[in-house]
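Asks: build me a structure from this.
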Amino acid sequence: MLKGTKAIGMLAAGIVLYTGMTVSATGTGNAPVPSAGVGEILEAKLQEEDYLAAAEEAKVERKAVYGFSNLGIANVNDYLNVREEPGEDGKLVGKMSKNSGCEVLEIKDGWARIKSGKVTGYVKAEFLLTGQEARDRADKVAADMAVCNSGGLRVRQEASTESPVITLVAEGEELEVVEQLDGWVKIMLDDEEAFVSADYVTIAKKLDRAVTQTELKYGKGVSDVRVDLVNFAKQFLGRPYVWGGVSLTNGADCSGFTMSVFKNYGVSLPHSSASQSTMGTKVSLAEAKPGDLVFYAQNGRVNHVAIYIGNGQVIHASNPRSGIKISNVSYRTPYAVKRVLSQ
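Replies: Next up is the predicted model:
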């Protein structure tokens, strides 16, 4: 639309101008007024509107793909702390693992206010990619994920309804896609391949998001050794998954991670999730304390282990893509909880 008093006057008079037309100037009735300039303005305005519309469409499209309109990427080797207030002494409310995505709400005085997953808070801006750098990184690291749109999604051993159910997955959980088949999706369930029905998942390019994080405090009903062990284990968030590995810094598998963490607290565990499940005292999930071991199984055979860290979460070495990560304790159906710490 044309702006200014002249344009308003023309529109009020009911005059419509096209490129090349002439009209008589008001007042004299003699001098013809070329309309080419008006046409050029209209054309330029349309071009600008087309550009803005295309930019907005691209913005919406990118948001639909990655889930963010003002994208930020955690540019770290392991994890980035998210704090309630801007400052090193701010309360810890979450952690962003390497290459996690977030919505950048504001950047001020070296701190970025972000929203990622269920976490809103502040991160150090120097460790956050934004703009084109963030988009380029996202294009490289975003993975096809199967988002469960049904509670109690059955994960099967083979792509068939006749195949045994390995476990159930909660609504909203995201599973890494290996391959899309006819009516089925091959996914990674921690470090093993499995299958889910394509009818109950939505496939989308996704970036990891921040996980909520509550710092365990001493003297708050949890023994000091349990607080120490959980805080020690969380230091290795984002470190790599390596099958057969036992290194907390260079890579471990699920049982290698738990074995190495507990070794620092005088507890000797075998390098096997199934063998670890035979140790300690069995407790219910409702009775779980930070520092207990949570086991997961396939057809009654234990094949994965994690450490309960409180607030309904576990930390575990999941698979090569995600490495050591924090998940909801019921991201898949827990099989057993064992207590190996006496305190």
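
Asks: what about residue 124, how many residues close to it?
Replies: 16 (other C-beta atoms under 10 Å). All C-beta spots, glycine's among them, are computed from the backbone N, C-alpha and C.

Asks: repeat that for residue 212.
Replies: For residue 212, the count of nearby residues is 16 (other C-beta under 10 Å).

Asks: where does it fall, phi/psi-wise?
Replies: In terms of degrees, to the nearest 10, the main-chain angles of residue 212 are phi -70, psi 150.

Asks: OK, contacts around it?
Replies: Contacts of residue 212 were listed using C-beta atoms under 8 Å, 6 or more residues apart in numbering, and they are 93-94, 117-119, 311, 313.

Asks: return the subset of these lying in strands.
Replies: The strands, defined by DSSP state E, take in 93-94, 119, 313 from these.

Asks: one step back: most widely separated two among the contacts of residue 212?
Replies: With distances taken as C-beta to C-beta, the most widely separated pair in the contacts of residue 212 is 117 and 311, at 14.4 Å.

Asks: with neighbour numbers in mind, choose between those two.
Replies: residue 117 (17 against 12).

Asks: touching, the more buried one and residue 206? I think so.
Replies: No: using C-beta atoms under 8 Å, residue 117 is not in contact with residue 206, being 11.1 Å away.

Asks: now the helix or strand hosting residue 104: how far from the chain's centre is it?
Replies: In the assignment (DSSP states H and E), residue 104 maps to strand 101-108. Taking C-alpha atoms, centre = their mean, to the nearest Å, the mean C-alpha location of strand 101-108 is offset from the chain mean by 14 Å.

Asks: list the buried ones in that strand?
Replies: 101-104 (16 or more other C-beta atoms under 10 Å).

Asks: ok, and what's touching it?
Replies: So strand 101-108 is contacted by 66-74, 86, 96, 112-116, 120, 123, 125, 128, 130, 138, 207-210 (C-beta under 8 Å, 6+ apart).

Asks: taking those one by one, which sit in strands?
Replies: Per DSSP E, those map to strands at 71-74, 96, 112-116, 120, 123, 128, 130.

Asks: JSON lines for the residues you listed, including neighbour count, distance to residue 283 and pLDDT?
Replies: Converted to JSON lines, these look like this (neighbours: other C-beta atoms under 10 Å; distance: C-beta to C-beta, whole Å; pLDDT from 0 to 100):
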{"residue": "71", "neighbour count": "24", "distance to residue 283": "42", "pLDDT": "94"}
{"residue": "72", "neighbour count": "29", "distance to residue 283": "40", "pLDDT": "96"}
{"residue": "73", "neighbour count": "29", "distance to residue 283": "40", "pLDDT": "96"}
{"residue": "74", "neighbour count": "28", "distance to residue 283": "35", "pLDDT": "97"}
{"residue": "96", "neighbour count": "31", "distance to residue 283": "32", "pLDDT": "93"}
{"residue": "112", "neighbour count": "22", "distance to residue 283": "41", "pLDDT": "97"}
{"residue": "113", "neighbour count": "18", "distance to residue 283": "40", "pLDDT": "98"}
{"residue": "114", "neighbour count": "29", "distance to residue 283": "37", "pLDDT": "97"}
{"residue": "115", "neighbour count": "18", "distance to residue 283": "36", "pLDDT": "96"}
{"residue": "116", "neighbour count": "27", "distance to residue 283": "33", "pLDDT": "94"}
{"residue": "120", "neighbour count": "17", "distance to residue 283": "34", "pLDDT": "96"}
{"residue": "123", "neighbour count": "27", "distance to residue 283": "36", "pLDDT": "97"}
{"residue": "128", "neighbour count": "23", "distance to residue 283": "40", "pLDDT": "97"}
{"residue": "130", "neighbour count": "17", "distance to residue 283": "45", "pLDDT": "94"}
